[in-house]
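> Just a sequence and a predicted model for now, questions to come.
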Amino acid sequence: MKKTILFDLDGTLIDSTSAILKGFDAAFLAHDKKEPDHDALKSLVGYPLEIMFEKLGAKKNLIGEYVKEYKACYEKIYLDETVLLPHAMDALKEASTLADVGVVTTKTSKFSIILLEHLGVMKFIKTVVGRDDVVNPKPDPEPIILALKRLDKEKDNAFMVGDTIMDLKAAKAALITGVGLTCGYGIESDLRQFSEHIFANPHEAVSFIKEAQ
């Protein structure tokens, strides 16, 4: 049976760090607050925006406004300030020859699809599940379960490839194989708590999946 490979987006296939940092800076400045610490911010990539803002000190009752300000800035710059990570193109090309490929992200699916089209890789991807498609984002299994449903695939021979523990926790909860990457925002020692399959980049991960029984 053909395998299923689900990829995270930020830190797994793409680098949009610059756009994310500028979006958060703009949101805090719009509320007359100091820009957040960028290292702290990068450590939170992979969480939904609402949780990121809360952890960075935004007042709970204003988080909706912060998210709005972030998106207003991000949507103007994200196409120009996002690149594919090294090995991502090769990973997607090879993955599409041996598996049904999906993307599961905490970004919205609408802008993720526009971005993937812009980067020339949407042709390798059969479905994109974003934050706007689910009630409960990663680490809940709901996005993975939805992706499998859209692809009409079972959990057997299904893999979730990502760079944070959010991805690996979601994979575990969905009862599929989690594959961690060290090319993004996660810390290797944290990733190893949730998967024994850890690789430097997505192409290495696909090579492992190709041989996995």
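Received, thanks.
> residues making contact with the helix or strand containing residue 169?
Using DSSP states H and E, residue 169 sits within helix 165-174. Outside of helix 165-174, the residues within contact range by Cβ atoms under 8 Å, 6 or more residues apart in numbering are 8, 12, 46-47, 104, 106, 138-141, 143-145, 148, 155, 159-162, 177-180, 186, 190-191, 193-195. In this view, the C-beta of every residue, glycine as well, is placed from N, C-alpha and C.
> are any of those residues buried, and which?
8, 12, 46-47, 104, 106, 138-141, 143-145, 148, 159-162, 177-180, 186, 191, 194-195 (16 or more other Cβ atoms under 10 Å).
> hang on, residue 81 packs against residue 15?
No. Counting by Cβ atoms under 8 Å, residue 15 is not a contact partner of residue 81; they are 9.2 Å apart.
> what comes into contact with stretch 15-29?
Contacting residues not belonging to stretch 15-29 are listed as 10, 34-36, 38, 41-42, 45, 52-53, 56, 58, 66-67, 69-74, 77-78, 81-85, 115 [Cβ under 8 Å, 6+ apart].
> May I have the phi/psi pair for the residue of the chain positioned farthest from its centre?
Distance from the C-alpha centroid of the chain peaks at residue 32, with 29.6 Å (Cα atoms, centre = their mean). Phi and psi for residue 32, reported as degrees, to the nearest 10, are phi 60, psi 40.
> Apart from its neighbours in sequence, what residue is nearest residue 1?
The spatially closest residue to residue 1, leaving aside those adjacent along the chain, is residue 157, at 5.9 Å (Cβ to Cβ, 6 or more residues apart in numbering).
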